[in-house]
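Colleague: Please find the sequence and the predicted model below.
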Amino acid sequence: MTEDLKNIKSVLATDCGSTTTKAILIEKRDDEYRLIVRGEAPTTVEAPVEDVTRGALNAIREVEELSGRTLLDGEKIITPQEGDRGSDLFLSTSSAGGGLQMMVTGVVKSMTAESAERAALGAGAIVMDVLASNDGRLPHQRIERIRHLRPDMILLSGGIDGGTISHVVELAELIEAANPQPRLGIGYQLPVIYAGNKEAAQNIEKILQDKTSLDVVDNLRPVLERENLGPAREKIHDLFMEHVMAQAPGYNKLMSWTDVPIMPTPGAVGSIIQTIAAVEKIQVVGVDIGGATTDIFSVFQNKFNRTVSANLGMSYSVSNVLAEAGMDNVMRWVPFEMGEADLRDRIGNKMIRPTTVPQTLEELMIEQAIAREALRLAFIQHKSFAVGLKGVQQDRNISDTFDQTASGQTLVNMMTLDMLVGSGGVLSHAPRRQQAAFMLIDSFLPEGITQLAVDSIFMMPQLGVLSTVHKQAATEVFTNDCLIRLGTCIAPVGAGKSNKPCMKISIKVPGGESVEREVMPGDLFVIPAPHGEPIPIWVEPARGFDMGAGKGKKVETQVHGGVVGIVVDARGRRPFELPVDRAERVKKLREWNKIMDAYPE
Amino acid sequence: MAHAYTPGLRVAERTLLRKERRLPLPGTVMVKEGDQVNADQVVAKTDLPGNVQPINVANLLSIEPVDIKEFMLKEEGDAIEKDEPLARSAGFFGMFKNTYKSSVSGTVESISDVTGQVLIREAPIPVEVQAYIDGVVTEVFSNEGVAVETTASFIQGIFGLGGEAYGELAMACSGPDEILTEAGIDEGCRGKVLVGGSLIELTALRKAVKLGAKGVVVGGFNNQDVKEILGYDLGVAITGAEDMGTTLMITEGFGKIGMAERTFQLLKNLEGKRASINGATQIRAGVIRPEVVIPLQKAVDKKEVQEKRAASEGLVIGSQVRLIRQPYFGMMAEVTGLPAPLQELPTEGKVRVLEVKLESGDKVIMPRANVELIER
C-alpha cells in the first residue's frame, strides 16, 4: 500500500473486461469520496497489441483527458499522488480472459464421458470436444485435438469407483503427452479436474501434478447407475471464476502495477451485492452482463449465491446466446420487422468484432433484444445452482442419461425478492435508464413488488475491489455516484379473465401524482415518482392473483421511486407471453416501448 | 491526445513470417536448418504402431488350438498381404482342405496355441507434419519439428472454416464487390485457392468443394450458410477442424460486404502464385484469425519488416481504417479527426468518436470502437 488509508486522497481503478476496459478516478473532496470521471477503451487482447495493460493505459489516458489531471508518466502509473499528479492507490479487477471452453474425457463415450460433458455444460462451459477411450480416434489424433483447441480447462473422468484404472491412466497420459499450452500463455498452468475412479487418483496425480494445475474431486459417476455431477460442476465453476476468466495476455504486468492483488470481476461485484443485502436488510438479485459472461448474484434467506454463465454475453458470446436461446426467442424482442438472415449476420458480426458499439437506434434495439435472452438464460442457470442443499446425489438410470434435472430446491423466490440490481455495459450504458429497467423486467420477470436499480456507469467491479482496502471510500462512492434507483416494478402473479381487472391499485406520490385505478391483465403503465421519500401503496389483487400476501389478499406497504418511476406491469407472470403473430408482436413491443418512453420517437 | 488503439487485421504486401511445425508425438525431423521446403513437403514424421487384428484361426479352421502351428502357413514375424493364405486345415484324407485367407495386410505378431488366436499387426500408421508454407527451415526442434520462415504477402481474415490447405491463387471475381455464384465456379478451380468479391453463395461454395477447390477467400459469407454447412449454430468462434474439403476465409464479415480494395488488388497481383490458407479462428483472449500466406521470391531484411510493423501501431490522423458497424459497415475510410470530448450518437449514447473521410469524400463521425485499423 502506498499511503496510509486515512491519507488516501485519490484512487484510480480499472476493470479489464473481455471487451472493454473501464477506468475510474475517485477523489476525496470536502471530506467525502466522489467519482470524478470515467474513461474506457477496448480491451487489448488481439494483435497488434496483445496486452491488457495497453487497454488499461488507454482507458486511463481517457480519464486524464476528461479530468485534465496527469495520472501517467509515460507508461507508468504515478502512485502515490504528487501534488495534483497521480493517485494514491491503483486497483484493478479483471474478466479479460472471456468465456470458458473445455474439453472433457471419459472411458466410455456414452457413459462417463457423457456424464463429464453434462457436468461441464451444467457449469456453463462450452464443450469443445469429448475424448473417450472408445471414440475411435488414434492417440495422436486426440493429442492434436487438445493442442489445436487450446482448452481453458480439462475435466478428466472415467471409470466407476473400483472399475478400470488403466483406461483412465491412458487418458491422463494423453493429456500429459499433449502438454497443453493454454491460450493465455507462459507462466500459467492449465487447470485439470480429475473426477474419475477414486482408485486411479494417485496415478493421475503422479502423471499430471507437475505439468498441469490438478484438482481431484469426487467421481462424477461413482457407480454405473448414479451420477454425482455436483462436485465437478462446482469445481469447474470456481476454478473458472478464480483463475481462468481474469487471465489474459499481459495479466502479470498489470498485476505488478496494482497496490493489491487483481480481483476477478465477479468476486468484486459479488461483494458489493452482499453489502447491499446486508446494509438494507433485503433479498437481492444482482447481475453483471459482460461481453463473454453474465454473472448473477443473489442473497435469499441470508444465503449468498454467485454464478458465472461462462458463455452468455454481448460480444464474444453473443452468437452463443443465439445458439442457446434460439432464433425465435431473440427475434421476439426485436421491435421492428427484420429478416432472420439479417439478424444472424449482425449477431455474427458482433461476435467477430466484439469491441464495436451500436451506432444506430436499430442496432441498439437488437443488442437490447439479445441482452434480454442472455439475462434470461443466465438467470435460469443461477436458479439451478442456488439451491438449498448442495452435493445431493442424483440417482440415474442408464436409460435417462439424456434427461438432466437439478438437485435440490432453488432458493430464488421472485415474490420475496426486494431489489434487482443491474450492471454491465448493456444495462449501465443504455442511453435511457428506461431501457435498463425494461430489460431487467422482461428478462427477470420480477413478481409482486420489486425495487429496480442499475450501476450508473458500470463501476461496481472497481468499487468491489476498493471495498476490500478502503470500505469508506467504496461506500461513499457507491451511495452517491454508483447505484441509480430506477424505481419499483409492481407485477401481479396469476391467471384470470382478460376482460376482468387483475388488481386495484392506489398510490400517492408525495408532491406528485395520485393514482387509484383498476388494472386490467395486459396493462403496462408508469407512474412518475422520483427517488426520495417512501411512497405509500395499496394493492388489492383480484381472486386468482397474488401480490405477495397470497391470492386475492391485499398488500399495503411503501415503495421507492426512481428515475424511471413506478412501473405497473400486468402483462402476465407464470407465464409471461408475447403475441405469437409477428406483426402483432412488433406492434405490442412498440406500444410498450412508447409507454416506457424507452426510445426516441 | 490519447493514443487510440484498435484491433486490426494484417494485410501485408511483404512481411517475414515464421511458422512452427511440430509433431504430436516424438519422431524424426526430415529436414535440416537452411533447407528450402515446399508447403506440402513433410518436414517431420513418426510412425504409430499399426492396429492389431486378432483372428481366431483355430475356430475358423475347426482345429484344436494346441495344433495351430501345424496348420499355419506363416510364422511369427512373417509379412502377409490381404487375401494371402494364412492357415490351411489338413482336410479329410487330404480332401476338403479349408484355407483361411488373411483379412488384412501386416505382420504376424503372435500365434497362440492356448487360444488358437493369431495376431496380425497392420502396417505402422504414419503421422506427418507438412511445412505449410514454402520457405526456409530456420530452426530444428529435435525429434519434434521445425520452424519455417518465409518472406510473404500475408492477409488475415476475420473468420474462417476448415484447416490448412495449399493451392495456386486464382481470381474467381473481377472486382471486390462482385458476388461469387455457382456459375462462377468451374472445373478449373480444382486444386486452387479462389478469390471472390463481396460474397460467396452457399451453392457456389458447395460446387467449389465438389470440384476440389482447396480454398476460398472472399469478403463476406452469410451467417445462415455457416449453420447450413456445419449443421448447427456456431456458438463461439472456435473453428479450424471442420472437414469441409475446401477452406474458407472471409476478410470482412457476415453478409455481403465488398472485399477491401487493397486486399483484393494485392491478391489479384499475386494470381498464379502458390498460397497457403488456414481457416482456423479462435475469437477470445489469445485470438487466432484465419490467414492466407503467399510466399514471395525475394527475401527482405528482418529488421526492416519488424520496424515497419511496430511503427504502424496506433490510430492517428491519416490512418486507413475499415468501418465495422452499421450503417457504414464494410466501408473504408481515412481518419481525419480524433476529438477528445464524448459525442452523442443517434442512439443517444455518448461515446468517444473520430471523424473519418469515406471513399465518397463525405466526412462522418463514428464511435472509435467501430473502426478497424488496416495494418500494413
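Modeller: Thanks, I have it. Numbering: from 1, shown residues only, chains lettered A, B, ... in the order given.

Colleague: got any ranges where the chain has weak pLDDT?
Modeller: Answering for chain A, as no chain was given. Applying pLDDT under 70 to chain A flags the ranges A:1-3, A:46-49, A:124, A:181-188, A:242, A:246, A:387-408.

Colleague: I was thinking of chain B, sorry if that wasn't clear
Modeller: Ranges of chain B meeting pLDDT under 70: B:1-8, B:92-96, B:285-286, B:297-314, B:375-376.

Colleague: redo that, cut-off 80
Modeller: B:1-9, B:24-25, B:48-54, B:90-97, B:125, B:284-287, B:297-315, B:340, B:373-376 (pLDDT under 80).

Colleague: can you give me the helices for it?
Modeller: Counting by DSSP state H, the segments of chain B that form helices are B:57-61, B:68-71, B:202-211, B:223-230, B:261-269, B:302-311.

Colleague: just how off-centre is the fifth one within its chain?
Modeller: This points to helix B:261-269. 21 Å (C-alpha atoms, centre = their mean, to the nearest Å).

Colleague: helices or strands next to that helix in the packing?
Modeller: With contacts taken as 3 or more C-beta pairs under 8 Å, 6 or more residues apart in numbering or on different chains; DSSP states H and E, helix B:261-269 sits against strand B:8-22, strand B:145-156, strand B:164-171, strand B:192-195. (Each C-beta comes from the backbone N, C-alpha and C, glycine too.)

Colleague: Show me what counts as buried in that helix.
Modeller: B:262, B:263, B:264, B:266, B:267 (16 or more other C-beta atoms under 10 Å in any protein chain shown).

Colleague: now the angle from that helix to strand B:164-171?
Modeller: Using axes from the mean of the first three to the mean of the last three C-alpha atoms, to 10 degrees, one finds that helix B:261-269 and strand B:164-171 are set 90 degrees apart in direction.

Colleague: Those residues of the stretch 251-376 of chain B touching chain A, which are they?
Modeller: With C-beta under 8 Å from any C-beta of the partner chain as the criterion, the stretch 251-376 of chain B meets chain A at residues B:253-255, B:280, B:282-287, B:309, B:312-313, B:324-327, B:329, B:340, B:342, B:345-352, B:366-367, B:369-370, B:372-373, B:375.

Colleague: Just the C-alpha atoms of stretch A:341-353, please, in CSV.
Modeller: Taking Å, rounded to 0.1, in the frame of the first residue of the first chain, the C-alpha atoms of stretch A:341-353 are listed here in CSV:
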residue,chain,number,x,y,z
ALA,A,341,-30.7,-13.9,-42.0
ASP,A,342,-30.0,-10.2,-41.4
LEU,A,343,-30.3,-10.7,-37.6
ARG,A,344,-28.0,-13.7,-37.8
ASP,A,345,-25.4,-11.7,-39.8
ARG,A,346,-25.5,-8.8,-37.4
ILE,A,347,-25.0,-11.1,-34.4
GLY,A,348,-22.2,-12.9,-36.2
ASN,A,349,-20.5,-9.6,-37.0
LYS,A,350,-20.7,-8.5,-33.4
MET,A,351,-19.0,-11.8,-32.4
ILE,A,352,-16.2,-11.5,-34.8
ARG,A,353,-15.7,-7.8,-34.0
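
Colleague: Over to residue A:451. Which of the three states is it?
Modeller: Assigned state for residue A:451: strand (three-state reduction, DSSP: H, G, I helix; E, B strand; the rest coil).

Colleague: Look up which residues are beta-bridged to it.
Modeller: residue A:419, residue A:488 (DSSP bridges).

Colleague: Report the contact partners of it.
Modeller: The contact partners of residue A:451, taken as C-beta atoms under 8 Å, 6 or more residues apart in numbering or on different chains, are A:418, A:419, A:420, A:485, A:487, A:488, A:489, A:559, A:560, A:562.

Colleague: follow-up on the earlier one: which of the buried residues of helix B:261-269 lies closest to chain A?
Modeller: residue B:263 (16.0 Å; C-beta to the nearest C-beta).

Colleague: got a list of what the closest one touches?
Modeller: B:11, B:155, B:176, B:251.

Colleague: circling back: adding distance to residue A:498, write the buried residues of helix B:261-269 out as CSV.
Modeller: Below are the buried residues of helix B:261-269 laid out as CSV (distance: C-beta to C-beta, whole Å):
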residue, distance to residue A:498
B:262, 61
B:263, 58
B:264, 59
B:266, 64
B:267, 62
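
Colleague: Now for chain A: which helix has the highest residue count?
Modeller: Chain A, longest helix under DSSP H: helix A:361-385.

Colleague: Which one (most neighbours) among the contacts of residue B:263?
Modeller: residue B:251 (29 neighbours; other C-beta atoms under 10 Å in any protein chain shown).

Colleague: So it versus chain A, what's the distance?
Modeller: 11 Å (C-beta to the nearest C-beta, to the nearest Å).

Colleague: Hmm, that residue is touching residue B:160, no?
Modeller: No - between residue B:251 and residue B:160 there is no contact under C-beta atoms under 8 Å: 9.7 Å.

Colleague: roughly how far apart are residue B:126 and residue B:46?
Modeller: 8 Å (C-beta to C-beta, to the nearest Å).

Colleague: Kindly report the same for residue B:258.
Modeller: Counting by C-beta to C-beta, the gap from residue B:258 to residue B:46 is 46 Å.

Colleague: what's the domain layout of chain B?
Modeller: B:8-13+B:150-295, B:52-121, B:315-375 (automatic domain parsing).

Colleague: winner for burial among those domains?
Modeller: Ranked by mean neighbour count, these are led by domain B:8-13+B:150-295 with a mean of 21 (mean count of other C-beta atoms under 10 Å in any protein chain shown).

Colleague: in the stretch 1-150 of chain B, which spans are strands?
Modeller: Applying DSSP state E, counting those that start in this stretch to the stretch 1-150 of chain B gives strands spanning B:8-22, B:28-29, B:36-37, B:42-48, B:52-56, B:79-80, B:85-88, B:99-101, B:106-111, B:117-121, B:125-130, B:135-141, B:145-156.

Colleague: Select, out of those, the one closest to residue B:243.
Modeller: strand B:125-130 (17.1 Å; C-beta to C-beta).

Colleague: which bits of the stretch 101-250 of chain A sit near chain B?
Modeller: With C-beta under 8 Å from any C-beta as the criterion, the stretch 101-250 of chain A comes near chain B at residues A:101, A:126, A:128, A:138-140, A:143-145, A:147-150, A:177-178, A:183-185, A:247-249.

Colleague: out of the residues you listed, which are buried?
Modeller: Using 16+ other C-beta under 10 Å, the buried ones in these are A:101, A:126, A:128, A:139-140, A:143-145, A:147-150, A:177-178, A:183-185, A:247-249.

Colleague: what about the helices in the stretch 401-550 of chain A?
Modeller: A:425-428, A:433-444, A:460-469, A:471-477 (DSSP state H, counting those that start in this stretch).

Colleague: Could you measure from residue B:57 over to residue B:91?
Modeller: Taking C-beta to C-beta, one finds residue B:57 at 15 Å from residue B:91.
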